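*Asks:* Next input, structure requested:
(chains A, B, C and D)
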2 protein chains.
Amino acid sequence: MAVTIKDVAKKAGVNASTVSRVIKDSSEISDKTKVKVRKAMHELGYRRNAAAQILASGKTNTIGVVFPPVADKASQPFFMKILTSINETARDYDVSIAIATGHSAKELKKQIELQYSEKRVDGFIVLYAGKNDEVRDYLLENKVPFVLVGTPAEGKNEITHVDNDNMLLGREAVRHLAQLKHQNISFVTDTKETEVFEERYQGFKDESEKLGLNHDLLFMDANFSLRNETALVVMDDVLSLKVVERLRSQGLNVPEDVSLITYNNSIFGAMIHPYLTTFDIHIEQLGASAIKKILDLRDKKENLPEKSIIPFELIIRESTKARI
Amino acid sequence: MAVTIKDVAKKAGVNASTVSRVIKDSSEISDKTKVKVRKAMHELGYRRNAAAQILASGKTNTIGVVFPPVADKASQPFFMKILTSINETARDYDVSIAIATGHSAKELKKQIELQYSEKRVDGFIVLYAGKNDEVRDYLLENKVPFVLVGTPAEGKNEITHVDNDNMLLGREAVRHLAQLKHQNISFVTDTKETEVFEERYQGFKDESEKLGLNHDLLFMDANFSLRNETALVVMDDVLSLKVVERLRSQGLNVPEDVSLITYNNSIFGAMIHPYLTTFDIHIEQLGASAIKKILDLRDKKENLPEKSIIPFELIIRESTKARI
DNA sequence: CTGAAAGCGCTTACAG
DNA sequence: CTGAAAGCGCTTACAG
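*Replies:* Numbers count the residues shown, from 1 in each chain, chains lettered A, B, ... in the order given. All right, here's what the predicted structure looks like:
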């Protein structure tokens, strides 16, 4: 039915193995033959059969992307954005993307175990870095190639991961606020479970102390309220929307009464006023770097785990303002 | 290396073809043999090789999901949510998901053309329904099985699609507002290009006229402002965030001065006050239904295109209020 | 530089 | 109900 390598071979007057070599642009084949074969491929509209190639070569050329086992992936633009970037970079390397989603780590583990054992994927990109994660344990134990986007709580040294410099991100936020003359600042989070939080908060603390600022940690829940802060560093811009609204309900306006700086530069930071001062963490680059890393790992170009640090960028908008 | 069908066959004392039949639970095989073979599979930890199965059977058992060619997929929780639901339903049918993303229809088309011609997917679920879409033209012309989530502007009769009843959604919004005694209402949108808009707006108009209400259409741009409206119907809850904020900047509060009802019931409708009165469009069901349809199409269980209508549900929260 | 052959791990008519 | 054989469309040592 479909045009195969054999049809091309016959038309070009060569052996099928030669066609195969031309497809992968083998340096063994003469240019003359290549031209001839390519012409035949083109005329016949040849397309390789992915399954046949995978079966014969043992390489799937597809990478699994693992989403976190939580219900609200949809509320964080991060995930859709990095998926897009991963998919688009993958295409440049001629690899496909499979996805794994689930409501629990157990479900996820089952899914990736299946994908890997049925030889559907060569490895994984894991989009979250929780503690004691069943998925990561499985991958590690079975020596499945994977890279983490984020920073693992344990095993930093055994796991290839790509992330921003979260400590520095914490420090830079403080520095921006200090430049604006703020002296009483707090860090606001809605989770203390993640490594991202810990690192950013650590950076926040270190720099605050270095600069001699009063600082504190605030948890965003029903009891959220300020003491004497004039500025806040908030974990992400979706959370910031809530914080801004809560402050307003307490009679405090951003940035007139309190400045706010946050992270991620998602669309939600520039949707309603005050537009948020935020750090762009370069999600496209995180995704692109992750796919490159996993391919290197698979091809054993890199054997040692390493951390890739993606630069960030401060976007100054309306939510931060000099204290007068 | 890995355990194959042959290993299982040898261990169970049967022929490889018998093992293959047991795997697909063929009714031809005796229960006795099935038990015996399954025991062997289990003891050896057998896993099928996906590529081999695809090559031999000609069925890929994977479906491509096509995202819209726009930059801001990430701002609409819809996409991540339906992707999750599609993936999870797909798993129940033992099918995998591939994705296609791109910045233009041309890019997308190239991608799906590749996926289909390399026999990586059996068909597609298309997540958008713009007019004059290159992707859809390609699918139609080449008789590639696909289902649309949404309603196509043209070819409603030739394309299997799943959607809510958008006309009814428009009418019901008006009805809710009418019950609350509002008489001057407007429909707010930021796009007039989509079929969803047209249908919801049509329903809005029809019902308004039927009930004798004053109605109008407002475009959300820099000039956005109300006339004498006391209530609005807004295209989605992310847009509603902007509308609420814009009104506030004009001295109008929701719901005290103007009521607002919207669609989608995303997380953003219940994140900051006023929590939005909204229609839940049952995205999980849209996704689940889409995957079932495409599999039926592939297996020719359904030959005729059909529209599946997914029910919706009104969630009353803070943004609508009786006029006094 | 190229060909002939074996093999990847399944499925599926065909035969009995 | 089960087996033997051919075949799906590639890749890759091996040989020359």
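*Asks:* all helices of chain A, in order?
*Replies:* Shown for chain A, the helices assigned by DSSP state H span residues A:5-12, A:16-23, A:31-44, A:50-57, A:77-92, A:105-117, A:134-141, A:166-179, A:195-210, A:237-249, A:283-298.
*Asks:* would a markdown table of those with mean neighbour count and distance to chain B be doable?
*Replies:* From N, CA and C alone the C-beta is placed, and that goes for glycine too. Converted to a markdown table, the helices of chain A look like this (neighbours: other CB atoms under 10 Å in any protein chain shown; distance: least, CB to the nearest CB, whole Å):
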| stretch | mean neighbour count | distance to chain B |
| --- | --- | --- |
| helix A:5-12 | 18 | 13 |
| helix A:16-23 | 18 | 12 |
| helix A:31-44 | 15 | 12 |
| helix A:50-57 | 19 | 4 |
| helix A:77-92 | 22 | 4 |
| helix A:105-117 | 19 | 4 |
| helix A:134-141 | 18 | 15 |
| helix A:166-179 | 21 | 20 |
| helix A:195-210 | 19 | 19 |
| helix A:237-249 | 21 | 4 |
| helix A:283-298 | 22 | 9 |
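*Asks:* what separates A:I159 from A:L148, distance-wise?
*Replies:* 6 Å (CB to CB, to the nearest Å).
*Asks:* Give the residues shared as contacts by the two.
*Replies:* In the contact map built from CB atoms under 8 Å, 6 or more residues apart in numbering or on different chains, the residues linked to both A:I159 and A:L148 are A:R136.
*Asks:* Show me which of the two is the more surrounded one.
*Replies:* Here A:I159 and A:L148 are set side by side on neighbour count (other CB atoms under 10 Å in any protein chain shown), and the busier one is A:L148, at 27 against 20.
*Asks:* Surely that one and A:A129 touch.
*Replies:* Yes: A:L148 is within contact range of A:A129, at 5.6 Å (criterion: CB atoms under 8 Å).
*Asks:* can you list residues touching both of these two?
*Replies:* With CB under 8 Å, 6+ apart, A:L148 and A:A129 have common neighbours A:H161.
*Asks:* Closest residue of the stretch 151-300 of chain A to DNA strand C?
*Replies:* A:R298 (18.0 Å; CB to the nearest atom of the strand).
*Asks:* OK, contacts around that residue?
*Replies:* So A:R298 contacts A:122-123, A:145 (CB under 8 Å, 6+ apart).
*Asks:* Up against DNA strand C, what does chain A have?
*Replies:* A:13-18, A:21, A:27-30, A:32-33, A:52, A:55-56 (CB under 7 Å from any atom of the strand).
*Asks:* Of those residues, which is the nearest to A:L180?
*Replies:* A:S27 (59.5 Å; CB to CB).
*Asks:* re earlier: farthest-separated two in the residues of chain A next to DNA strand C?
*Replies:* A:K32 and A:L55 (30.7 Å).
*Asks:* how many neighbours does A:S225 have?
*Replies:* Using other CB under 10 Å, A:S225 is surrounded by 9 other residues.
*Asks:* returning to that earlier point: what's the closest of the helices of chain A to B:Y138?
*Replies:* Closest to B:Y138 of those, according to CB to CB: helix A:77-92, at 17.5 Å.
*Asks:* So which other helices or strands are in contact with the closest one?
*Replies:* Where contact means 3 or more CB pairs under 8 Å, 6 or more residues apart in numbering or on different chains; DSSP states H and E, helix A:77-92 is packed against strand A:62-66, strand A:96-100, helix A:283-298, helix B:77-92, strand B:96-100.
*Asks:* Distance to B:F279 for the ones you listed - can I get that in JSON lines?
*Replies:* Listed next are the helices and strands packed on helix A:77-92 as JSON lines, based on distance: least, CB to CB, whole Å:
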{"stretch": "strand A:62-66", "distance to B:F279": "31"}
{"stretch": "strand A:96-100", "distance to B:F279": "28"}
{"stretch": "helix A:283-298", "distance to B:F279": "31"}
{"stretch": "helix B:77-92", "distance to B:F279": "13"}
{"stretch": "strand B:96-100", "distance to B:F279": "27"}
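*Asks:* Low-confidence ranges, the stretch 1-150 of chain A, go.
*Replies:* A:1 (pLDDT under 70).
*Asks:* Map the structural domains onto the sequence of chain A.
*Replies:* A:5-48, A:62-164+A:284-310, A:166-281 (automatic domain parsing).
*Asks:* How far does the first one sit from its chain's centre?
*Replies:* Going back to what we said before, that points to domain A:5-48. Offset of domain A:5-48 from its chain centre (CA atoms, centre = their mean, to the nearest Å): 39 Å.
*Asks:* Whether that domain contacts DNA strand D - can you check?
*Replies:* Yes: using CB under 7 Å from any atom of the strand, we find that domain A:5-48 touches DNA strand D at A:5-6, A:16-17, A:20-21, A:23-24, A:46-48.
*Asks:* ditto for the longest one
*Replies:* No: using CB under 7 Å from any atom of the strand as the criterion, no contacts between domain A:62-164+A:284-310 and DNA strand D are found, and the smallest distance is 11.3 Å.
*Asks:* now, the most widely separated pair of the residues of domain A:5-48 next to DNA strand D?
*Replies:* A:S17 and A:R47 (18.6 Å).
*Asks:* Contacts only, for A:G170.
*Replies:* By CB under 8 Å, 6+ apart, the contact set of A:G170 is A:187, A:199-207, A:233.
*Asks:* For it, give its distance to A:F312.
*Replies:* Per CB to CB, A:G170 is found 11 Å from A:F312.
*Asks:* before we move on, what about A:K106?
*Replies:* 34 Å.
*Asks:* A:E154 now?
*Replies:* Between A:E154 and A:F312 the distance is 25 Å, computed by CB to CB.
*Asks:* neighbour count winner among the two?
*Replies:* A:F312 (21 against 13).
*Asks:* List the contacts of that one.
*Replies:* Counted by CB under 8 Å, 6+ apart, A:F312 has contacts A:164-165, A:169, A:172, A:279-282.
*Asks:* Which among those count as buried?
*Replies:* A:164-165, A:169, A:172, A:279-282 (16 or more other CB atoms under 10 Å in any protein chain shown).
*Asks:* With respect to DNA strand D, which of these is nearest?
*Replies:* A:H282 (34.9 Å).
*Asks:* Quick check: beta-bridge partners of the residue lying closest to A:I99 once chain neighbours are set aside?
*Replies:* Nearest residue to A:I99, sequence neighbours excluded (CB to CB, 6 or more residues apart in numbering or on different chains): A:V65, at 5.1 Å. Bridge pairing for A:V65 (DSSP bridges) gives the partners A:I99, A:I125.
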